[in-house]
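# generate a structure from the sequence data that follows.
(one chain, ligands or ions: 1)
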Amino acid sequence: MLHLTYFWEDQSNMESEKLAEYQIMAQIVNHMLQQPELDLDEAVNIFCKLSCNAHAIVDIAMEPLGIGLYPVMSVINHSCLPNAILVFEGKLAVLRALAPVEKGDEVLISYIDLSRTTRHRQDDLNGKYHFTCTCPRCSKFAEIDDQILDALRCKEGECNGFFVTKDRSYSRDQKLECNKCGLVKTSEAERSAKGIIDRLCDKGKSDFFSDNFQEAVSTFKRAEEAALDLFHPSSFSVMMVRNLLTKLYTTIGDTRAALESCRLMTPVHERLLQTLNPVRGMHYLTRGMLEWVEGNRGDGRNYLVRAGDILLLTHGTNFPLVKELLINLAKDHAELAKKQEEGPSGS
Ligand SMILES: C[S@@+](CC[C@H](N)C(=O)[O-])C[C@H]1O[C@@H](n2cnc3c(N)ncnc32)[C@H](O)[C@@H]1O
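Coordinates of the predicted model:
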């Protein structure tokens, strides 16, 4: 039996839908274990504690690998402008500072994907961790501009406005209003638009895994068009599709197309993510490598150095990818210095 006395999460904060889900899960566990003495309420409490305290184990690109329960790390609260980061070396959880931490400062990490706008981060935190974040980044909520960049387009006649909300309180079916024509929808409309893009991306991935690369390219291009049609060009949805396209083009060796797609993502990463964010670091690494392969050595070097600056701090030198990047940068630096010493005739 799992004894987790830490950081009890009160069930009263849980969404009733989630609680119902845990009640069903508890019954399934009871059915599987065939233990009449199993206390169902206690089992539901354990699921509640797990959902609020478990950490997603992610790789260096923040891709999820699984979940783990780390009682010591469970004391750390969340901020969308964190001063620390939790990284994983295999199953080992390592806490790294992103800024100087003075005595008495609270150490804060991010529980969620930070490349979302405030409303979506609030949705994530309320949905998964049952609290409303009041960090300095979230206090920008009232700024409609922040929402527009990740909002659903209004297609009423010629409107082309965006669905936003002034309501800070969390609900699954939030009322959204077009910032131009005033038309009202619920966030269900937004979820269903995202569903269209997700289904195309799933098809693209399955084309890819069946080695049907040309079909995968055309499916991801359709997903990109749909995302541009439904959301803002700088939106998370467009960026997510372009990220997949960049990976696909790189895998099939079309580095020119990969670079074109990758370049479009740089301003969005820079707008959405803190300077010391590993996703931003990984983006610079990809961009640097693609610029380099395409013969743009100056830009390539520039982005690789920026990637190194971030990943060295967020992940340290224990990661093979960071080690390799630093070795390659040092070699390039030595070659450049040698060329400069030799002067123009040596180049
Ligand atoms: C992993 S626990 C963190 C430790 C917890 N604060 C405690 O004292 O046990 C996650 C829970 O802490 C609370 N929490 C974390 N960050 C928060 C924040 N920035 N504002 C309010 N509550 C927060 C939420 O209830 C969340 O579900």
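# quick one: Leu69 from the ligand, how far?
Relative to the ligand, Leu69 is positioned 10 Å away (CB to the nearest ligand atom, to the nearest Å). C-beta here means a position set from N, CA and C on the backbone, and glycine is covered the same way.
# which ones are touching the closest residue to the ligand within the stretch 201-347 of the chain?
At 15.8 Å from the ligand, Gln274 is the closest residue in the stretch 201-347 of the chain, using CB to the nearest ligand atom. Counting by CB atoms under 8 Å, 6 or more residues apart in numbering, Gln274 touches 81-82, 98, 114, 280.
# can you flag the buried ones in those residues?
Among the contacts of Gln274, the ones that count as buried by 16 or more other CB atoms under 10 Å are 82, 98, 114, 280.
# how near is the spatially closest residue to Cys201 that is not a sequence neighbour to Ile148?
Excluding its sequence neighbours, the residue lying closest to Cys201 (CB to CB, 6 or more residues apart in numbering) is Ala223, at 5.3 Å. According to CB to CB, to the nearest Å, Ala223 and Ile148 sit 21 Å apart.
# same deal with Tyr284?
Separation of Tyr284 from Ile148 (CB to CB) stands at 26 Å.
# cool, Met265 as well?
Where Ile148 is concerned, Met265 sits at a distance of 18 Å (CB to CB).
# returning to what we had before: which one's more surrounded, Ala223 and Ile148?
Ala223 (26 against 19; other CB atoms under 10 Å).
# contacting residues for the more buried one?
Here Ala223 is in contact with 197, 200-201, 204, 241, 244 (CB under 8 Å, 6+ apart).
# three-state assignment of it?
helix (DSSP: H, G, I helix; E, B strand; the rest coil).
# also Val87?
Strictly by three-state DSSP, Val87 counts as strand.
# ok so, going back, in helices, which of the contacts of Ala223 appear?
With DSSP state H as the criterion, helices contain 197, 200-201, 204, 241, 244 from among those.
# can you add distance to Glu335, neighbour count and pLDDT and give the residues you listed back as CSV?
Compiled in CSV, the ones in helices among the contacts of Ala223 are given as follows (distance: CB to CB, whole Å; neighbours: other CB atoms under 10 Å; pLDDT from 0 to 100):
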residue, distance to Glu335, neighbour count, pLDDT
Ile197, 43, 22, 96
Leu200, 44, 20, 97
Cys201, 40, 22, 96
Gly204, 39, 25, 96
Val241, 37, 26, 96
Leu244, 34, 20, 95
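# just put these in CSV and tack on distance to Leu176.
Below are the ones in helices among the contacts of Ala223 laid out as CSV (distance: CB to CB, whole Å):
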residue, distance to Leu176
Ile197, 18
Leu200, 23
Cys201, 23
Gly204, 28
Val241, 22
Leu244, 27
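# can you name the residues in contact with the helix or strand Gly281 falls within?
Per DSSP states H and E: Gly281 is located in helix 278-293. For helix 278-293, the external contacting residues (CB under 8 Å, 6+ apart) are 60-62, 85, 87, 113-115, 246, 250, 255, 258-259, 262-263, 265-266, 269-270, 273-274, 297, 299-307, 309-311, 314-315, 321, 325.
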